[in-house]
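Engineer: okay, sequence plus prediction incoming.
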Amino acid sequence: MDIRPDDLTAPAVIDLLREHLQGVALHSPPESIHALDIDALRRPEVSFWTAWQDGELLGCGALKQLDAQQAEVKSMRTAARHLRKGVAAALLRHIIDEARRRGCRRLCLETGSAAAFAPAHRLYAGFGFVHCEPFADYVADPYSVFMSRDL
């Protein structure tokens, strides 16, 4: 698996992000959706990576720098054909390593609270993330789960 920085121009990447936004919309009302669109993922404070194997897109993930010591995991998505193959774990490991390399001391995330997000909750918990209060500009929301881990 090759994880590399991505410029968000490949049709496969755009399609995967569209699928990501549509999937989130199935389980959360519009005001509770915090997934970033393509333009937001291109902002300077966001680094975006894709995972590939044999020319096929496996998944994606991003890191949003919140301040000098805190960053947020964003846009984690595995292509449907590659679920349960370790793609998300590899991307998350890469993002954690990058946050550490940048000197971050805390890594946070927001994900949905619906049952459909249970695999994500398990993934993050398996990497040491624990439930926390809303961070940055987030507010408490019954459709959101907030997690963090110290680095």
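Structural biologist: Everything's here; your move. Numbering: from 1, shown residues only.
Engineer: if I look at the residue nearest to Asp6 when sequence neighbours are not counted, how far off is Thr9?
Structural biologist: In space, and not counting its chain neighbours, Asp6 is closest to Thr50: 4.2 Å by C-beta to C-beta, 6 or more residues apart in numbering. C-beta here means a position set from N, CA and C on the backbone, and glycine is covered the same way. When C-beta to C-beta, to the nearest Å is the yardstick, Thr50 and Thr9 sit 11 Å from each other.
Engineer: looking at these two, which has the bigger crowd around it?
Structural biologist: Set side by side, Thr50 and Thr9 show unequal neighbour counts under other C-beta atoms under 10 Å, the larger going to Thr50 at 24 against 9.
Engineer: surely the more buried one forms part of a helix?
Structural biologist: No. The secondary structure assignment for Thr50 gives strand rather than a helix, going by DSSP: H, G, I helix; E, B strand; the rest coil.
Engineer: and it, bridged to which residues?
Structural biologist: Using DSSP bridges, the bridge partners assigned to Thr50 are Arg4, Cys60.
Engineer: can you tell me how far it is from Asp39?
Structural biologist: Counting by C-beta to C-beta - Thr50 and Asp39 are separated by 17 Å.
Engineer: hang on, the earlier thing: ok, the residue nearest to Asp6 touching Asp7?
Structural biologist: No. Applying C-beta atoms under 8 Å, one finds Thr50 not in contact with Asp7, separated by 9.7 Å.
Engineer: ok, back up a step: got a list of what the residue nearest to Asp6 touches?
Structural biologist: By C-beta atoms under 8 Å, 6 or more residues apart in numbering, the residues touching Thr50 are 3-4, 6, 10, 13, 57-60.
Engineer: check those residues and tell me the two furthest apart.
Structural biologist: Using C-beta to C-beta, the contacts of Thr50 span at most 14.7 Å, a distance reached by Ile3 and Ala10.
Engineer: same drill for these two, tell me which one is more crowded.
Structural biologist: Here Ile3 and Ala10 are set side by side on neighbour count (other C-beta under 10 Å), and the busier one is Ile3, at 20 against 13.
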